[in-house]
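# only geometry, no sequence info:
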């Protein structure tokens, strides 16, 4: 009885410990979240105090800047602070120029401001990280300064300089606070970077080992690896700020991430080889299991420099053994001995994977004498001009409509209304699921309005002096800091932390009364609400249209790869293009992937492997010393293929499949009659063609226009 009771109690406690409590981030925050909230609360109050001491006109902007700049890592904060200064400077210049050019001419000023915002948000879409943020900031900083100076255009320069002073003060205070709280920044950054790389290698190695063991990994796990590599590639930009751009380890880390993406793509190719080979001998299967076990343990052996050296030695020994086994398979007559006819194809795929791991460990170890060309392997991003045009048009239209509302209604808070609309359309122009994100941002602003009631109406009127102000607002700021480190509340907390100081109405010589608070709050909420409606009504983000564009771009890349005479894309750029597309769909969908999104993710994943192997074959055909018969087969395969690939799906689907069948059958016949010395070349070409054939046949629901349009129509009907 007692034992059963204790067992039930233990089960109940275990369930309680494992349960996710809704406000755990508030009453039981992590040490990192507590440090973040405390650091930035202190920094914002110091910035506010200095602004009061300097008797600046709107000191709340200094505290707001601290929270806007604050990020999870020092590299992110330093990078964002630097680009915030650049964006503010651009916004100041734009505001002074616009107000000076169109004084007392609202019907010229508003379109000019809309044009400026459109250009800035369009450029922000083409960039990434905080370089994009600089242009976003330039858009709405110009709107805030320019609309604030309309009543006094002769003082626009002084207003712009005051705004620049607030922001500079806030950035400096946040940076200083971060440096005080962070010790040994470069050492920690390198250690963190190595941890990220080790985790990424471990996740990719699990996928590869599953493929070699014959247990096909779920596509979700494969996509997660590619998504991780792209995020790591972006995150390293902030590590550069902490460590230094000239650091050789950073360049090698970028190369490691690029090679990691190639390894996973190579694993998908190996999966296709295993699916298309007819007979595999026991020797080849034993080799697959041995390499799978070795790869699975790689991440565990990356702890220190000595273990990496030992790992590389073991990898070199494994390569020598399988090179010998591959040559032995070449010298064994087909159909005789202990090797099967397709063993060469499997063993060659193993050798390719081991070669990729050899290169990976060279750049992971980052010895300057070995890792000599890291830029060759770095993933490259591709610009989305279609999305940039949409964002530019949306921002310009939204500001023109806000200006029309102001002109028609003569609302005294109309200038603030325009500036808040500019904040929303600029801030979220570069995000994918703009409706969801802008909604959460609006909810955060509503919470800031509710939270400001307590200090404005009850606490601040009862005291005087800066000390009383600290007591009134510090707890509210600290709570916002904790919420900012919780992923579920981070977006709303961003709005809360940004607008709370503005809604409290901080000033040296006066306090906000009830009427002023009401007018300011209404202008803020209506402006942000109008911004949310803009994303719903003006060129709204459409995941179906995005999938169509991603497919069109991928198929255009395939045509370019297959077209003779055209410059071939770099392999890392091709992988980067497809990986970006998958990440964009995943980011928008979150946890709710529809069947149509799954179809597109599968299609992109498949076409990446298809394109990589076609790219290899194009370059392989140009290799000097290639057997004449093999060169002729590949030349015949690619002749006239590029301009017509996928142009007419009713004919080209069968035509391309027939080309593949003919090329593979011819290669098998030629390989059987070729000299032993020529077998490796035939095996390489045959393996890649078999991968292309497998991916082409298994992905027709995405490649064929008829099937794709039908899936698109079904998805739109389900969406309603």
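Received the coordinates, thanks. All of these numbers come straight from a predicted model, not from anything done at the bench. Numbers count the residues shown, from 1 in each chain.
# Which strand or helix spans the residue nearest the centre of the chain?
Among the residues of the chain, the one closest to the centroid is residue 231, at 4.9 Å (C-alpha atoms, centre = their mean). In this structure, residue 231 is located in helix 219-243 according to DSSP states H and E.
# hey, where'd the helices end up in the stretch 51-200 of the chain?
Assigned by DSSP state H, counting those that start in this stretch, the helices in the stretch 51-200 of the chain fall at 60-69, 74-101, 106-126, 129-148, 156-181, 185-212.
# count of neighbours near the closest residue to residue 192 other than its chain neighbours?
Of all residues not flanking residue 192 in the chain, residue 239 sits nearest, at 7.3 Å (C-beta to C-beta, 6 or more residues apart in numbering). Using the backbone N, CA and C atoms, a C-beta is placed for each residue, glycine as well. Residues near residue 239, counting by other C-beta atoms under 10 Å, number 25.
# residue contacts, residue 239?
By C-beta atoms under 8 Å, 6 or more residues apart in numbering, the contact set of residue 239 is 75, 189, 190, 192, 193, 250, 253.
# Wait, the last one touches residue 236, no?
Meaning residue 253. Yes. Between residue 253 and residue 236 there is a contact at 5.7 Å, judged by C-beta atoms under 8 Å.
# more neighbours, those two?
residue 253 (28 against 22).
# Packing partners of the helix or strand where that one lies?
Using DSSP H and E, residue 253 sits within helix 248-276. For helix 248-276, the packing partners by 3 or more C-beta pairs under 8 Å, 6 or more residues apart in numbering; DSSP states H and E come out as helix 185-212, helix 219-243, helix 343-365, helix 571-589, helix 595-620, helix 679-698.
# how distant is the last one from the center of its chain?
This means helix 679-698. 32 Å (C-alpha atoms, centre = their mean, to the nearest Å).
# Do I have it right that residue 618 meets residue 638?
Yes. Using C-beta under 8 Å, residue 618 is in contact with residue 638, at 6.7 Å.
# quick one on the thing from earlier: what angle separates the helix holding residue 231 from helix 571-589?
Per axes from the mean of the first three to the mean of the last three C-alpha atoms, to 10 degrees, the angle that helix 219-243 makes with helix 571-589 is 110 degrees.
# what's the average pLDDT for helix 219-243?
For helix 219-243, mean pLDDT rounds to 77.
# Between helix 185-212 and it, find me the angle.
Computed by the same axes, to 10 degrees, the angle between helix 219-243 and helix 185-212 is 160 degrees.
# Report the contact partners of residue 662.
By C-beta under 8 Å, 6+ apart, the contact set of residue 662 is empty.
# where's it, which helix or strand?
When elements are assigned from DSSP H and E, residue 662 belongs to helix 649-673.
# With mean pLDDT added, can I get the helices of the stretch 51-200 of the chain in TSV?
Formatted as TSV, the helices of the stretch 51-200 of the chain follow (pLDDT from 0 to 100):
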stretch	mean pLDDT
helix 60-69	82
helix 74-101	84
helix 106-126	90
helix 129-148	85
helix 156-181	81
helix 185-212	83
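# Name the nearest residue to residue 38, sequence neighbours excluded.
Distances taken as C-beta to C-beta, 6+ apart place residue 478 nearest to residue 38, at 6.9 Å, with adjacent residues excluded.
# just how off-centre is the helix or strand hosting the one you found within its chain?
Assigned by DSSP H and E, residue 478 falls within helix 466-484. Counting by C-alpha atoms, centre = their mean, helix 466-484 is centred 32 Å from the centre of its parent chain.
# Next SSE downstream of it?
helix 490-504.
# how many degrees apart are that next one and helix 60-69 in direction?
Orientation check (the same axes, to 10 degrees): helix 490-504 against helix 60-69 gives 170 degrees.
# which parts of helix 490-504 are buried?
For helix 490-504, a neighbour-count test (16 or more other C-beta atoms under 10 Å) marks 491-504 as buried.
# just stretch 549-562 next, same as before
Per 16+ other C-beta under 10 Å, stretch 549-562 contains these buried residues: 549, 550, 551, 553, 554, 555, 557, 558, 559, 560, 561, 562.
# of all the residues you listed, which two lie farthest apart?
The span of the buried residues of stretch 549-562, defined through C-beta to C-beta, is set by 549 and 562 at 20.8 Å.
# Which secondary structure element of this structure has the lowest mean pLDDT?
The weakest-scoring helix or strand in the chain, judged by mean pLDDT, DSSP states H and E, is helix 2-18 (a mean of 49).
# which is the next helix or strand following that one?
Criterion used, DSSP H and E; the element after helix 2-18 is helix 24-27.
# Not counting that next one itself, show me its contacts.
Contacts of helix 24-27 (C-beta under 8 Å, 6+ apart): 33, 479, 482, 483, 485, 486, 489.
# Format those residues as CSV; extra columns: distance to residue 700 and neighbour count.
Output for the contacts of helix 24-27, formatted as CSV (distance: C-beta to C-beta, whole Å; neighbours: other C-beta atoms under 10 Å):
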residue, distance to residue 700, neighbour count
33, 49, 19
479, 54, 20
482, 51, 22
483, 48, 25
485, 46, 19
486, 44, 17
489, 44, 21
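# about what we covered before: tell me the angle of the helix holding residue 478 relative to helix 490-504?
Going by the same axes, to 10 degrees, helix 466-484 makes 160 degrees with helix 490-504.
# Buried residues, helix 466-484. List them.
469-470, 472-473, 476-484.
# Summarise which helices and strands that helix is packed against.
Helices and strands touching helix 466-484, by 3+ C-beta pairs under 8 Å, 6+ apart, are helix 24-27, helix 31-53, helix 60-69, helix 490-504.
# and the angle for it with helix 31-53?
150 degrees.
# what does helix 466-484 rub up against?
With C-beta under 8 Å, 6+ apart, helix 466-484 has contacts from 25-26, 29, 33-34, 36-38, 40-41, 44-45, 48-49, 52, 63, 67, 70, 451, 454-455, 459-460, 462-463, 489-490, 492-494, 496-497, 500-501, 504, 506.
# Try it again at 7 Å.
The contact list for helix 466-484, computed with C-beta atoms under 7 Å, 6 or more residues apart in numbering, reads 25-26, 29, 33, 36-38, 40-41, 44-45, 49, 52, 451, 455, 459-460, 489-490, 493-494, 496-497, 500, 504.
# Equivalent analysis for stretch 682-696, please.
Here stretch 682-696 makes contact (C-beta under 7 Å, 6+ apart) with 269, 272-273, 275-276, 344-345, 348-349, 606, 609-610, 613-614, 616-617, 620, 630, 634, 656-657, 660, 663-664, 667-668, 670-671, 674.
# for stretch 153-173, same thing?
So stretch 153-173 is contacted by 43, 46-47, 50-51, 56-58, 61-63, 65-66, 69, 81, 84-85, 88, 92, 95-96, 99-100, 103, 145, 148-149 (C-beta under 7 Å, 6+ apart).
# Report the residue spans of the stretch 301-450 of the chain with pLDDT below the cut-off.
Scanning the stretch 301-450 of the chain for pLDDT under 70 picks out the ranges 329-341, 432-436.
# which stretches of it form helices?
Secondary structure of the stretch 301-450 of the chain (DSSP H, counting those that start in this stretch): helices located at 305-331, 343-365, 385-409, 414-427, 434-453.
# For the second one, which helices and strands make contact with it?
When you say that, I think you mean helix 343-365. helix 248-276, helix 282-296, helix 305-331, helix 679-698 (3 or more C-beta pairs under 7 Å, 6 or more residues apart in numbering; DSSP states H and E).
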